[in-house]
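Trainee: Can you look at this prediction? I've put the sequence above it.
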Amino acid sequence: MHIGSGFLSPPVWGTMAAVSGAAVAGSLAVARRRLDERKVPLMGVMGAFVFAAQMVNFPVLAGTSGHLGGGFLLGVLLGAPMAVIVMASILVVQSLVFQDGGVEALGANIFVMGVIPCLLGAAVRRLWMRRTAPILVEVVTAVGGLIGVLAGATGVILMLAWSGSLPGTVTLTHALGVMNGVHLIIGIVEGLVSVAVIRFVLATRREAAFGAATLEAGEASR
Amino acid sequence: MTPYNRNTLIVGLAAALVIGAVVSYFASSHPDGLEKTQEDLGAAAPAHKGLVAPPVAFNEYSLKCLGEGFWGNAVAGVVGCLLVMGLLLGLGHLLRRWRHETTANGAS
């Protein structure tokens, strides 16, 4: 879903750079105060993992591919501030080193693939704090992952439209329909993979992702 | 670093490297969802002047001198994973130092 170079107008990419810049700065400020130092290795590894996963494009319909976003998954595992920092780091490396996503579109890409899904993931994070996660939690999480992708896809089309990068003959409704139609399948995969990875982390390294947060909650209730 | 942290690092990084260097070689090369949408809508040509990306040794996800074969992709996957992880571990280190300095000054 990376917006390439030359598709956003300066006012649009400038605005998104400011918005995402503020989100990243805010996340760093929160991390400075609240970062659990034991979580730093998990952040680094999850960043490498999501970067790698994003390289694996899977076929969707005829002649189209999609790949994992990962922001939603990170939101659940790390909480919003850390997840935004990890996604921003991945997108910076992709943009500056691998020409994946335009340099000027970095803020826009951080917003649609970082801020939006990270916040949604963080919203369902609480549901996973309990010892056992009922099937309903998994369903809600999978749907959340899908919504994150569709919200991002919608955001991309709106930004392209405001940048004048859609032909005059194409209506906004049509563009949104085409974009969300393709991303429906990508989003379903995103949701299912997110649940699978969360289950794996819970089974093997529960304390790495949820231990500190449970401790915070425990301290708060004391 | 506790053994628990070290194991998390090693196992997770190994998985990431295998996915980024090997599995990604078998990825679909079709346009992604956004590219396909832009093609279908007749909006695939950039209309604005973007910022120029810095000169690097990579042409998208392949090392220029190795081309788009298996090894060019593998080097890109390994370098990308290590860059992201290094950036995040470095940031974590800075945040920790920043906080400790603030605490030492009695500010928090």
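Mentor: Done, it's in. Just so you know, these numbers come straight off a predicted model, no measurement behind them. Numbers count the residues shown, from 1 in each chain, chains lettered A, B, ... in the order given.
Trainee: lowest-pLDDT helix or strand in chain B?
Mentor: None of the helices or strands of chain B scores lower by mean pLDDT, DSSP states H and E than helix B:3-21, at a mean of 84.
Trainee: buried residues in it?
Mentor: Going by neighbour count (16 or more other Cβ atoms under 10 Å in any protein chain shown), the buried part of helix B:3-21 is B:5, B:8-9, B:12-13, B:15-17, B:19-21. The C-beta positions use only the backbone N, C-alpha and C, and glycine is treated the same way.
Trainee: who does it touch, helix- and strand-wise?
Mentor: Applying 3 or more Cβ pairs under 8 Å, 6 or more residues apart in numbering or on different chains; DSSP states H and E, we find helix B:3-21 packed against helix A:40-54, helix B:70-104.
Trainee: relative orientation of the first one and helix B:3-21 in degrees?
Mentor: Same thing as helix A:40-54. Orientation of helix A:40-54 against helix B:3-21 (axes from the mean of the first three to the mean of the last three Cα atoms, to 10 degrees) gives an angle of 10 degrees.
Trainee: pretty sure B:Val22 contacts B:Ala74?
Mentor: Yes: under the criterion of Cβ atoms under 8 Å, B:Val22 makes contact with B:Ala74 at 6.9 Å.
Trainee: Who has more neighbours out of those two?
Mentor: B:Ala74 (20 against 14; other Cβ atoms under 10 Å in any protein chain shown).
Trainee: Distance of A:Ala62 relative to A:Val137?
Mentor: Distance of A:Ala62 to A:Val137, given as Cβ to Cβ, to the nearest Å: 35 Å.
Trainee: Which one's more surrounded, the two?
Mentor: Using other Cβ under 10 Å, the more surrounded residue of A:Ala62 and A:Val137 is A:Val137, with 17 against 7.
Trainee: Does the host helix or strand of the more buried one reach chain B?
Mentor: Per DSSP states H and E, A:Val137 falls inside helix A:135-162. Yes: Helix A:135-162 is in contact with chain B by Cβ under 8 Å from any Cβ of the partner chain, via A:153, A:156-157, A:160.
Trainee: Let's see if you can find the most crowded of the residues you listed.
Mentor: A:Val156 leads these on contacts (other Cβ under 10 Å) with 29 neighbours.
Trainee: Show the contacting residues for that residue.
Mentor: A:1, A:3, A:108, A:112, A:179, B:34 (Cβ atoms under 8 Å, 6 or more residues apart in numbering or on different chains).
Trainee: now do 7 Å
Mentor: Contact analysis of A:Val156 by Cβ atoms under 7 Å, 6 or more residues apart in numbering or on different chains lists A:1, A:3, A:112, A:179, B:34.
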